[in-house]
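Colleague: need coordinates for the following:
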Amino acid sequence: MVHLPINLFTRHRLDLRLVKRREDSNSPIIPNLSTVLRTRSGNKISRFFRHVFEHKKIKKLIGTNLALMIFTANLIDTSTDKSFNNEEINLREVPLILTTEKTVQYPLKEIKISQGYKFYHPGIDFDGITGDEVYPIMNGRVREINYSKLAYGNAVLIDHEGNFSSLYAHLSQIDVKPGQELSKSDTIGNVGSTGFASGDHLHLEIHKNGKPIDPLTVLP
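Modeller: Residues are numbered from 1 along each chain as shown. Purely as a prediction, here's the structure:
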């Protein structure tokens, strides 16, 4: 056996870092069982994965992929300006308009209730002056028109969505026809005192599935 002198000059000594680097580069990525068992720290599973991820080739591969991901991310346009079909969409140039429309409204412009809903009075009365315009409480279709000197006098019955209907009585004038489609802005007729009425007013009834209900449970 040949013994090498330990007092060699530094330049003649074999650098241990080179030995370790050479061993790491030549060692397999997947270790054998004996290599894992020789490592004392940690359990067998942690020893195995530590050996794999500390391998030089794995570190180099992960570092290359990470650099590639960062480079690719810088190439992606993350700006908010997008174009579709060669037309740019600029939200700041599109006006945002919000509208709120009431589904139900009162039949008169000025509201003054003179009599409420009761068992013997299946509606409410609005005080008014002959000639005041009367409007439908909801969009609908005219089902029936009645001209009489008794009871409701001149009256209009309108059907609405949701099995609702509304009756407007004691009118001095009627401006609609049976079957006519009405919006809330259309005029049904005018306040009057026809039929059994003690003075100028509008009698309003609202029916649900053919049965009268308190109009104030529907009106806004």
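Colleague: report the residue spans of this structure with pLDDT below the cut-off.
Modeller: Applying pLDDT under 70 to the chain flags residues 1-101.
Colleague: the helices in it, which residues?
Modeller: For the chain, applying DSSP state H gives helices covering 16-26, 33-38, 44-53, 56-75.
Colleague: care to break the chain down by domain?
Modeller: For the chain, automatic domain parsing gives the domain ranges 1-98, 113-217.
Colleague: contacting residues for the closest residue to residue 168 other than its chain neighbours?
Modeller: Of all residues not flanking residue 168 in the chain, residue 156 sits nearest, at 4.9 Å (CB to CB, 6 or more residues apart in numbering). From N, CA and C alone the C-beta is placed, and that goes for glycine too. With contact set as CB atoms under 8 Å, 6 or more residues apart in numbering, residue 156 has these partners: 142, 144, 145, 146, 167, 168, 171, 174, 176, 188, 189.
Colleague: hmm, 10 Å instead?
Modeller: Residue 156 sits next to 134, 136, 142-146, 166-169, 171, 174-178, 180, 182, 188-189 when contact means CB atoms under 10 Å, 6 or more residues apart in numbering.
Colleague: repeat for residue 208
Modeller: Per CB under 10 Å, 6+ apart, neighbours of residue 208: 160, 162, 163, 164, 165, 217, 218.
Colleague: surely residue 116 meets residue 214?
Modeller: Yes: if you go by CB atoms under 10 Å, residue 116 and residue 214 touch, sitting 8.1 Å apart.
Colleague: residues shared between the contacts of the two?
Modeller: Residues touching both residue 116 and residue 214 (CB under 10 Å, 6+ apart): 123, 124.
Colleague: for residue 125, give its distance to residue 102.
Modeller: 22 Å (CB to CB, to the nearest Å).
Colleague: if you count what's nearby, which of these two comes out ahead?
Modeller: residue 125 (21 against 9; other CB atoms under 10 Å).
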